[in-house]
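Chemist: Only the shape, not the letters, is given here:
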C-alpha cells in the first residue's frame, strides 16, 4: 500500500512443513454503512485517475466511475471513509492481490491502484458491466411471470460460476455471500466473462489445516441463497458456497424460490421460516421440469462433509453434459446477448487447479505455473529422487520416482536449477552449474528462468550468485516481465536494490507499456517504490515479518535468511569459501553462503519432507 500504511501481517503455515507465507490479512469490516457524506477527491493516484460520476453506494462506502488519463480507459473507484474504522477495502485489496498470484486469472477484477487519498481509502479497479441479477431482470417475464434464464443460459452461467469459486477455494478462501449481485459480466471483449466480486464476508477456511467445525454461529450471507447448514449456525466451508450456487441456479431457472417472500415480523422469524422451507422442500419438487443435472448438483453439494474436498470437475461435467444435449453452443451464447454485435471476444481459459488439502501440494495455495509445481519437492530431493512428470496446470508433470516404483518415462520439463534458485539453495546452484545445467533454462510454459525464480521468492543471495555467473539481467520471464519488473510487482525491495546495483533498466516496459515505477504503483509495491527512489529501508521494512512479506509464495525451507547462522562466518579452523568460487564482493550479504553455518532447521525440514513424500507415494 502507499503512504506507508500497511495492513497487519499474519503467518500462514502450509502443508505441515516449514513453509511460511506472509500475506496482508485484515479483518473484514463491520457491516455498518461507511458513506460519510464527504465528497471524494477529483483525482487519485497523483492525478492519474480522474473521478467522473457516482455509480452507487454500499456498506463499505461509494463506487465512482473514473478514467485513466494515460490510457483513457474507464475504471471503477471505490472510496471508504478511513476515519475510525477497520477498513473493509483493505480486506478486499488483500483478497484481490492474493487472487492475482502468480498471475491474474480470468473472472476477478484487476486491481490497478490502492492507497490513501485525504480521509478515504481508495481502490482503483477494472470496470465491469452488469450483474447476473441485472441481466435476469432485463429479460422481463413472460405471461406476467418473473424473468427466467433458459437452461442453455443457466448451464453457461453454472460453468463459469463453478470455475470462479474453485479458484477462490484453491486460495484457501470461502466467499460466504453467493448471490446474483456478486457475479458481474465484463465489458467489451470480455462481455461474456463472469467475474466474482465483493469479498467483504470472505474468510480463510484453510490455514495450515482446515478450520475446525464450529456451531451456534449467526447467519453470514444472503438468506435466500445460503446453505441449510449456514442457517443452522454451522461454520461455513466449501460445501456451503457450492450449495448456495445451487440455490442461485434454481432461482435463475424458476424466477423465484419457494422460500422467497415469506411473511415475518422480525428478521429472526424470517430466517427461521426460510430455513424451515428449505429443509422441507424436496429437491424433486424444487428442480421439477428442469434437466436432472441441477437436482444431482444440489444433492451432491448438500451431501458433502464439512472438510470434504468437492470434485469440481465432476460438478462442471454435469452441466457440460446438459450443454452437449442441448446442442452446439458458443461460450457467449447467453440469451441476453442474442442478436447483439459482439465483435472479437476474448476466449475463456481453462485451468487445472489444486486445492490446499490436495496431497502433494506444498508449493502454496492455488499455485499453477510450471515452475512452481516443481518447487515443493526441494532442490535436493528434486535432483536425487524425482522424475519430472507430475502434471501441473500448464501440462508439466512432476511424479516422484523411487527405485521400487515403475513410473512411465516422461521427458523432463522443468530444470532443477529453477527449484534451487527459488529455494535460495546456492550450494545446489553451484553444483548444477558445475554439472553443466543451463544458466538460462526456461520453464516451457511460463518462460521462467533461474534468475526469475530467485526474484519471485526474493532469494537475494541466490540472485546475486546467478548474476555473478552472468545470468541475463534483462531476460524476459513470466508474464513478459524482466527480473526488475518482477521484483517491482512482488514488492521485493531488497531485490530491486540488488538489480539496480547491477544496472538493471528501470525504464524497460512490459507488454502494456508500464515501466518499473508504473508497476509499483499498480501493485501497491511500497518497498519497491522506495528502492526505486533510492530511499533507505525503514524499520518497518526491515522488520522480520514485513521483510518476508511477498506478493507471491515465499518458501523459507532450506535457509533462514535473517537468522544468526547467516551472519556468522565459520571459525578460523573451518574450511572457507570453495576454491572454485572467485573472491568477489557478495551483493546480498557480507558473508557468502558457503561461509555460513548450515541451519539446523534444514536437516529437520529434509527429514519431514522425505517422510511426507513417502506418505504421499504410499497413498
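Modeler: The structure has been received and is ready for your questions. Source: prediction; values computed, not measured.
Chemist: where does the stretch 1-150 of the chain have low pLDDT?
Modeler: 1-37, 59, 84-87 (pLDDT under 70).
Chemist: Let's verify residue 67: helix, strand, or coil?
Modeler: Recorded secondary structure, residue 67: strand (DSSP: H, G, I helix; E, B strand; the rest coil).
Chemist: so it touches residue 50, yeah?
Modeler: Yes: at 4.8 Å, residue 67 counts as touching residue 50 under the criterion of C-beta atoms under 8 Å. The C-beta positions use only the backbone N, C-alpha and C, and glycine is treated the same way.
Chemist: Show the contacting residues for residue 281.
Modeler: For residue 281, the contacting residues are 258, 259, by C-beta atoms under 8 Å, 6 or more residues apart in numbering.
Chemist: again, only this time at 6 Å
Modeler: residue 258 (C-beta atoms under 6 Å, 6 or more residues apart in numbering).
Chemist: so what's it scoring on pLDDT?
Modeler: pLDDT for residue 281: 98.
Chemist: so what's the backbone phi/psi at residue 203?
Modeler: phi -150, psi 150 (degrees, to the nearest 10).
Chemist: What of the one 4 residues further on?
Modeler: For residue 207, the backbone dihedrals are phi -140, psi 90 (criterion: degrees, to the nearest 10).
Chemist: Identify the bridge partners of it.
Modeler: As for beta bridges, residue 207 partners with residue 209 under DSSP bridges.
Chemist: any idea how far residue 171 is from it?
Modeler: Distance, residue 207 to residue 171, by C-beta to C-beta, to the nearest Å: 12 Å.
Chemist: got it, and residue 110?
Modeler: Distance from residue 110 to residue 171, counting by C-beta to C-beta: 16 Å.
Chemist: So residue 116 belongs to a strand, correct?
Modeler: Yes: Residue 116: assigned to a strand according to three-state DSSP.
Chemist: What's the local residue count around it?
Modeler: Close neighbours of residue 116, defined as other C-beta atoms under 10 Å, add up to 16.
Chemist: who does it bridge with?
Modeler: Assigned bridge partners for residue 116, using DSSP bridges, are residue 121.
Chemist: okay, residue 207 and residue 171: which has more neighbours?
Modeler: Neighbour count, other C-beta under 10 Å: between residue 207 and residue 171, residue 171 has more, with 21 against 16.
Chemist: got the end-to-end distance for stretch 248-267?
Modeler: Using C-alpha to C-alpha, to the nearest Å, the end-to-end distance of stretch 248-267 comes out at 21 Å.
Chemist: Just the mean pLDDT for that stretch, thanks.
Modeler: Mean predicted confidence for stretch 248-267 is 96.
Chemist: Give the buried residues for stretch 477-494.
Modeler: Buried positions in stretch 477-494, judged by neighbour count with 16 or more other C-beta atoms under 10 Å: 477-479, 481-494.
Chemist: Is residue 345 in a helix, a strand, or coil?
Modeler: coil.
Chemist: Tell me the spacing between residue 279 and residue 255.
Modeler: Taken as C-beta to C-beta, the span from residue 279 to residue 255 is 22 Å.
Chemist: of those two, who's got more company?
Modeler: Using other C-beta under 10 Å as the criterion, residue 279 and residue 255 rank with residue 255 on top: 17 against 11.
Chemist: pretty sure that one is touching residue 148, no?
Modeler: Yes: using C-beta atoms under 6 Å, residue 255 is in contact with residue 148, at 4.4 Å.
Chemist: how close does the spatially most central residue of the chain get to residue 244?
Modeler: When C-alpha atoms, centre = their mean is applied to the chain, the residue found nearest the centroid is residue 99 (2.4 Å). Counting by C-beta to C-beta, the gap from residue 99 to residue 244 is 19 Å.
Chemist: neighbours of the closest residue to residue 185 other than its chain neighbours, just the number please.
Modeler: Among residues not flanking residue 185 along the chain, residue 129 sits closest, at 4.5 Å (C-beta to C-beta, 6 or more residues apart in numbering). Residue 129 is flanked by 15 other residues according to other C-beta under 10 Å.
Chemist: Going forward, count from 57.
Modeler: All set: I'll call the first residue 57, so the last point we hit is now residue 185.
Chemist: mind checking which helix or strand residue 185 is in?
Modeler: Residue 185 is part of no helix or strand, with elements assigned from DSSP states H and E.
Chemist: That one is in contact with residue 239, isn't it?
Modeler: No: applying C-beta under 6 Å, one finds residue 185 not in contact with residue 239, separated by 11.1 Å.
Chemist: how close does the residue nearest to the centre of the chain get to residue 368?
Modeler: From residue 155 to residue 368 the distance is 17 Å (C-beta to C-beta).
Chemist: again, but for residue 581
Modeler: Note on residue 581: its distance to residue 368, by C-beta to C-beta, is 33 Å.
Chemist: So which of the two has more stuff around it?
Modeler: residue 581 (26 against 19).
Chemist: Spit out the contact partners of that one.
Modeler: 544, 547.
Chemist: Now with 8 Å, please.
Modeler: Shown in contact with residue 581 (C-beta under 8 Å, 6+ apart): 544, 545, 546, 547, 575, 607.
Chemist: for the residues you listed, which one is nearest residue 525?
Modeler: residue 546 (22.1 Å; C-beta to C-beta).
Chemist: State the number of residues packed around residue 411.
Modeler: With other C-beta under 10 Å as criterion, residue 411 counts 18.
Chemist: does the residue nearest to residue 358 when sequence neighbours are not counted sit in a helix or strand, and which one?
Modeler: Distances taken as C-beta to C-beta, 6+ apart put residue 299 closest to residue 358, at 5.8 Å, once the chain neighbours are dropped. Assigned by DSSP H and E, residue 299 belongs to helix 294-310.
Chemist: tell me what the helix or strand just after that helix is packed against?
Modeler: Proceeding N to C from helix 294-310, the next assigned helix or strand is helix 323-336, under DSSP H and E. If contacts are counted by 3 or more C-beta pairs under 8 Å, 6 or more residues apart in numbering; DSSP states H and E, helix 323-336 sits against helix 284-287.
Chemist: for the helix it packs on, the distance to its chain's centre please.
Modeler: 27 Å (C-alpha atoms, centre = their mean, to the nearest Å).
Chemist: So which bits of that helix are buried?
Modeler: So helix 284-287, judged by 16+ other C-beta under 10 Å, has buried residues 285, 286, 287.
Chemist: now stretch 267-282
Modeler: Buried residues in stretch 267-282, defined by neighbour count with 16+ other C-beta under 10 Å: 267, 275, 276, 277, 278, 279, 280, 281, 282.
Chemist: Report the two of those residues separated the most.
Modeler: Longest span within the buried residues of stretch 267-282, C-beta to C-beta: 267 and 280, 25.2 Å.
Chemist: Could you list the domains of this structure?
Modeler: 65-182, 188-393, 473-626+637-674 (automatic domain parsing).
Chemist: Can you check which of these gets nearest to residue 406?
Modeler: Across these, residue 406 has its closest neighbour in domain 188-393 (8.2 Å, C-beta to C-beta).
Chemist: what residues are up against the residue nearest to the centre of the chain?
Modeler: Per C-beta under 8 Å, 6+ apart, neighbours of residue 155: 161, 164, 223, 224, 227.
Chemist: go with 6 Å
Modeler: residue 164.
Chemist: where's it relative to residue 164, distance?
Modeler: 5 Å.
Chemist: Fine by me, thanks again.
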